[in-house]
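Peer 1: Here is my input, please return the structure:
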Amino acid sequence: MATLEIRDLHVSVEADNATKEILKGVDLTVKQGETHAIMGPNGSGKSTLAYSLAGHPKYTITRGSVTLDGEDVLEMTVDERARAGLFLAMQYPVEIPGVSVSNFLRTSATAVRGEAPKLRTWVKEVKETMSQLQMDPAFAERNVNEGFSGGEKKRHEILQLELLKPKVAILDETDSGLDVDALRIVSEGVNRVRESGEVGTLLITHYTRILRYIKPDFVHVFANGRIAESGGAELADKLENEGYEAYVKGGASA
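Peer 2: Presented below is the predicted three-dimensional model:
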């Protein structure tokens, strides 16, 4: 069973010629087949956690450990983390001029799988997945995210998720900027991956609306760089009714 273990993780960034600690001791375990929702206000450290796990050079790990199936993630390069089974769906997917979606997807699949997928079956797989996400097949020949709307970029992220089949999927505010229809379609894509039981999902969000479509097993409240409280899906309902104010003021303890 694939397991992502985060222990006492501390992360800092350089800002305004000073070092600022963002994560202040995060402990979290995500097992294969589980869905964990991380919720919290702006600036609480949610996205910092996502990008630190993925290996973004902006973030410096000052203490703690991250392992995937017992292997030290923090010693891996960004591409090694992806090949090991970590996947990040970004809040703001970047454009890659000159690289078509079809080439990007097949190159990514080749790197993760260790061999190029057979072209005939691969094309069929891509077309079927794009159809389920209600993506125009013509997008396959467009440059990655270039000229895409916010919703189209997010669908492309989930297209990657479905095709690459990681061990752990980190979804950083996948619901941001989506209208109701796009949110439903994207959520259905995430749920198709979850139904395999082979992926651990770390879902980062501000709002409960995506949790109406993607039911979490666990909900964690992030505040001031730590997990302030953990619980089941009912904790999201509490946040919907009461907000984050008590956590921000330090009214809850880990």
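Peer 1: Now for Leu119, how many residues are close by?
Peer 2: Close neighbours of Leu119, defined as other CB atoms under 10 Å, add up to 9. For glycine as for every other residue, the C-beta is placed from the backbone atoms N, C-alpha and C.
Peer 1: residues contacting it?
Peer 2: Not one residue lies near Leu119 by CB atoms under 8 Å, 6 or more residues apart in numbering.
Peer 1: Now it: phi and psi?
Peer 2: Backbone torsions of Leu119, given as degrees, to the nearest 10, read phi -60, psi -40.
Peer 1: Need the per-residue pLDDT for it.
Peer 2: On the pLDDT scale, Leu119 is placed at 90.
Peer 1: again with Gln134
Peer 2: Residue-level confidence at Gln134 comes out at 95, pLDDT.
Peer 1: Check the secondary structure at it for me.
Peer 2: Following DSSP: H, G, I helix; E, B strand; the rest coil, the label given to Gln134 is coil.
Peer 1: what about the strands in the stretch 101-250 of the chain?
Peer 2: Per DSSP state E, counting those that start in this stretch, the stretch 101-250 of the chain has strands spanning 143-144, 168-172, 200-205, 218-223, 226-231. These are given in chain order.
Peer 1: I'd like to know which of those strands is closest to Leu74.
Peer 2: Nearest to Leu74 among the strands of the stretch 101-250 of the chain is strand 168-172 (14.7 Å), distances taken as CB to CB.
Peer 1: With mean pLDDT, mean neighbour count and distance to Ile6 as added columns, please give the strands of the stretch 101-250 of the chain in CSV.
Peer 2: Putting the strands of the stretch 101-250 of the chain into CSV (pLDDT from 0 to 100; neighbours: other CB atoms under 10 Å; distance: least, CB to CB, whole Å) gives the following:
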stretch, mean pLDDT, mean neighbour count, distance to Ile6
strand 143-144, 95, 19, 30
strand 168-172, 96, 25, 11
strand 200-205, 96, 25, 10
strand 218-223, 95, 23, 11
strand 226-231, 95, 18, 10
